[in-house]
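1. could you look at this predicted model? Sequence included:
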Amino acid sequence: MNRPHLAALGEAAAFEHALRASLRIRPDAELAACLDRLRAHHTAALYHLPDTGNTSAEPHEPRDIARAWAETALSISATTSGGAYARQVAAAHAHHRVQHLTRTDPCPYCRAPRHREHHTSRLGHTPRTVIHCPRRGPALSEPADAPACTVDIPPAPHPGAPVLVRVLIGTGDADTDIPCAVHLRPRTTRHGPHDHAFASIAPGTPHTFTLAMPARPIPELDRIRVIHADGFRLSFRQFRVPCLPDDRPTAPPRT
Ligand SMILES: [Zn+2]
């Protein structure tokens, strides 16, 4: 992480603040617990800021604290209900405004036309890029200067077969592994995903996550989410896959 530490912490604080504000509208005990853990890491990072007054100086030990913060942030989707994801995506640019829109490729799932939103912040936070599908919800939210990220997902999952999600982030220039979480989850409000995996990815090296698809269909199990962190800054991606067909044999009528 080579960004000014205090600025990065300011972005983390804004993200936490927006998420905490959402609890006033819709309480969520699991999300509140995650926010308490985020605040603890955040406070620890403040303690380690250099006290020279030079806020652009490298902090003494940012990586361990930033990693602990990021891993906690990435764990939110593993323990909370489905609505917490949309709240995180919104919180990441809650203190931003849309500067302009550009047309981008249609939704790969439903072909709806989409725009790339360019968000800037009056607080000086990193600009963000956001893409929504008008029918399917958030597809992308990431810092505008984030390293390139490519995700390959299977066109259609098969019941009982593993779902392989290949993630490639960056070009290999950075010297720090990137915490990355992948979730397979249904739309429902159940807590946690159907399956999820976490790895620290070497920049420039593809990593394949393996998620389990149930042998028997789960309604609306059609979301794959990839969340990764660059220091205190988060990138969110959501993909849709075709729902599993219900291929169980129907019971013969009773006679
Ligand atoms: Zn769509």
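-> That came through fine.
2. and the stretch 1-150 of the chain, which residues reach the ion?
-> Those residues of the stretch 1-150 of the chain that sit near the ion, judged by C-beta under 5 Å from the ion, are 107, 109-110, 112, 133, 135-136. (C-beta placed from N, C-alpha, C; glycine too.)
3. which of these are buried?
-> Among these, those buried by neighbour count (16 or more other C-beta atoms under 10 Å) are 107, 133, 136.
4. who's in contact with the residue in the stretch 151-255 of the chain that the ion sits nearest to?
-> Residue nearest to the ion within the stretch 151-255 of the chain: R240 (6.8 Å; C-beta to the ion). Each residue near R240 by C-beta atoms under 8 Å, 6 or more residues apart in numbering is listed here: 109-110, 136, 222-224.
5. kindly report the same for P143.
-> Residues in contact with P143, defined by C-beta under 8 Å, 6+ apart, are 126-129, 230, 233, 235.
6. who's in contact with the nearest residue to H207 once chain neighbours are set aside?
-> By the measure of C-beta to C-beta, 6 or more residues apart in numbering, the closest residue to H207 outside its immediate chain neighbours is I201, 4.6 Å from it. Counting by C-beta under 8 Å, 6+ apart, I201 makes contact with 167, 169, 177-178, 180, 207, 228.
7. which two among those are spaced furthest apart?
-> Spatial extent of the contacts of I201 (C-beta to C-beta) is set by the pair V167 and D177 at 12.5 Å.
8. between these two, who's got more neighbours?
-> V167 (22 against 16; other C-beta atoms under 10 Å).
9. three-state assignment of that one?
-> The local conformation at V167, judged by DSSP: H, G, I helix; E, B strand; the rest coil, is strand.
10. for it, give me its contacts.
-> 149-151, 180, 182, 201, 206-209, 226, 228.
11. tell me which element L74 is part of?
-> L74 is part of helix 62-79 when elements are defined by DSSP states H and E.
12. tell me what the following helix or strand past that helix is packed against?
-> On the C-terminal side of helix 62-79, the closest following helix or strand by DSSP H and E is helix 83-92. Contacts of helix 83-92 with other secondary structure elements, assessed using 3 or more C-beta pairs under 8 Å, 6 or more residues apart in numbering; DSSP states H and E, are made with helix 5-25, helix 29-47, helix 62-79, strand 137-143, strand 233-240.
13. ok, of these, where does mean pLDDT dip lowest?
-> When mean pLDDT is averaged over each of these, helix 62-79 scores lowest at a mean of 87.
14. the bottom helix or strand of this structure by mean pLDDT?
-> For the chain, counting by mean pLDDT, DSSP states H and E, helix 62-79 ranks last in confidence among helices and strands (a mean of 87).
15. what comes up buried for it?
-> Within helix 62-79, the residues scored as buried using 16+ other C-beta under 10 Å are 62, 65-78.
16. next one: that helix to chain centre, how far?
-> Here the centre of helix 62-79 is set off from its chain's centre by 11 Å, with C-alpha atoms, centre = their mean, to the nearest Å.
17. may I have that helix as PDB, with CA atoms only?
-> Coordinates of the C-alpha atoms in helix 62-79 are reproduced here as PDB (Å, rounded to 0.1, in the frame of the first residue of the first chain):
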ATOM      1  CA  PRO A  62       0.200  -0.600   7.800                       C
ATOM      2  CA  ARG A  63       0.100  -3.900   6.200                       C
ATOM      3  CA  ASP A  64      -0.800  -6.200   9.000                       C
ATOM      4  CA  ILE A  65      -3.500  -3.800  10.200                       C
ATOM      5  CA  ALA A  66      -4.800  -3.000   6.700                       C
ATOM      6  CA  ARG A  67      -5.000  -6.800   6.000                       C
ATOM      7  CA  ALA A  68      -6.900  -7.500   9.200                       C
ATOM      8  CA  TRP A  69      -9.300  -4.700   8.400                       C
ATOM      9  CA  ALA A  70      -9.700  -6.000   4.800                       C
ATOM     10  CA  GLU A  71     -10.200  -9.600   5.900                       C
ATOM     11  CA  THR A  72     -12.900  -8.400   8.300                       C
ATOM     12  CA  ALA A  73     -14.600  -6.400   5.600                       C
ATOM     13  CA  LEU A  74     -14.400  -9.400   3.200                       C
ATOM     14  CA  SER A  75     -16.000 -11.500   5.900                       C
ATOM     15  CA  ILE A  76     -19.100  -9.400   6.000                       C
ATOM     16  CA  SER A  77     -20.700 -11.200   3.200                       C
ATOM     17  CA  ALA A  78     -19.900 -14.600   4.800                       C
ATOM     18  CA  THR A  79     -21.900 -13.900   8.000                       C
END
